[in-house]
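Engineer: Coordinates only, no sequence provided:
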C-alpha cells in the first residue's frame, strides 16, 4: 500500500468532495490515506515546503509551487458569475473604499489576487477568513473580503454588498472565476500521480451522486450552518468544473495567473 497524506480545508466544498475517499466508499486502488485539515492560508504556506503529497491550494499560490506540484483536474473550486464578496458596514463608493482598511483572508489567496485585479492599491489587513464577517459586523473594519460560507451570511448580519468579484470577472473576461484546486507533488512516480488523479475524479463524481451523505460528512466539520445551507453552498462550488475544468476553466486559471499551469488529468 502506498500511503498518501491529503491536506484540505474543513470548508464544506473541500470536505464534500473528499467524502468518498475518507469514508471508504471507493476502492482505494492501492493507496492508504491520511487526512490533514487546516485553513487554506496555512495549507498555502505549507505547500511552499512541499509538506504533503496531495494538498488543497489557492490558485493564487500556484506560481510559487509550480516546480514542486502539478494541478489535479479533479477537485477545483471554479464558479461562473459569482465569487468572493467585498462587503461593507455602510454603502460606499469605490473612492470611499480606498479610504478604509479591508480585511482580507491571505495574501496568497485567489480572492485577494482577484481583488487586486479589480481595484489595486487598497489598504488591507490580514484576518483569518472565518473571522472576517464578525470583524466587519463588530466595526473593527469597515469592509471585508468574504470567502467560503460567510458569503451566505452577510445580509442577515446587516452588511452591504459592494462587489461580487465573480460577477465582475465574468463581465470583464466572460470566464468563470477560479479560486482553488488540488495539487499533487511532482516527486511522486508518474504512475502514482496518474492513478490518484483518476481516483480523485471518481471521488468528486461519487460525492455528487451521494449528495446528502456527502453533505452530512461536510457538515460534521461545522461552520454553524444548517444542512440546507451547506447543500446550497456546496452545489455552487462543486460543479462540472470540479469534475474537470475543461477548456474554459483552464483558460480562467491561465487568465488569473498569467501563466499556463501543468495539469494532471483525472
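Structural biologist: Received the coordinates, thanks. None of these values were measured; they are calculated from a predicted model.

Engineer: Using the three-state scheme, assign the residue nearest the centre of the chain.
Structural biologist: Geometric centre of the chain, nearest residue: residue 180, 3.8 Å, by CA atoms, centre = their mean. What DSSP: H, G, I helix; E, B strand; the rest coil gives for residue 180 is strand.

Engineer: Test my guess that it contacts residue 62.
Structural biologist: No: counting by CB atoms under 8 Å, residue 180 stays clear of residue 62, with 9.6 Å between them. For the C-beta atoms, the positions are set from N, CA and C on the backbone; glycine is no exception.

Engineer: show me the contacts for the residue nearest to the centre of the chain.
Structural biologist: Contacts here follow CB atoms under 8 Å, 6 or more residues apart in numbering; on that basis residue 180 touches 40, 56-59, 76-77, 110.

Engineer: quick one: the strands in the stretch 51-200 of the chain?
Structural biologist: With DSSP state E, counting those that start in this stretch as the criterion, the stretch 51-200 of the chain has strands at 54-58, 69-72, 77-79, 85-88, 101-104, 123-126, 143-146, 160-164, 177-185.

Engineer: pLDDT of the shortest one, averaged?
Structural biologist: The average pLDDT for strand 77-79 rounds to 95.

Engineer: before we move on, what about the fifth one?
Structural biologist: When pLDDT is averaged along strand 101-104, the result is 97.

Engineer: ok, it: who's next to it in the sheet?
Structural biologist: strand 123-126 (parallel), strand 143-146 (parallel) (DSSP bridges).

Engineer: which other residues reach that strand?
Structural biologist: Residues from elsewhere that reach strand 101-104 (CB under 8 Å, 6+ apart): 86, 111-112, 115, 122-127, 132, 135-136, 140-145.

Engineer: how distant is that strand from the center of its chain?
Structural biologist: 19 Å (CA atoms, centre = their mean, to the nearest Å).

Engineer: how about that strand: buried residues?
Structural biologist: By 16 or more other CB atoms under 10 Å, the buried positions in strand 101-104 come out as 102-104.

Engineer: Let's have these in JSON lines, adding distance to residue 21.
Structural biologist: As requested, those are exported to JSON lines (distance: CB to CB, whole Å):
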{"residue": "102", "distance to residue 21": "36"}
{"residue": "103", "distance to residue 21": "33"}
{"residue": "104", "distance to residue 21": "31"}
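
Engineer: re the thing from before, buried deepest among the strands paired with strand 101-104, which one?
Structural biologist: strand 143-146 (a mean of 27; mean count of other CB atoms under 10 Å).

Engineer: where does it sit relative to the chain's centre, distance-wise?
Structural biologist: Counting by CA atoms, centre = their mean, strand 143-146 is centred 16 Å from the centre of its parent chain.

Engineer: What of stretch 257-266?
Structural biologist: Distance of stretch 257-266 from the chain centroid (CA atoms, centre = their mean) equals 16 Å.

Engineer: Likewise for stretch 210-226?
Structural biologist: That offset, for stretch 210-226, works out to 17 Å (CA atoms, centre = their mean).
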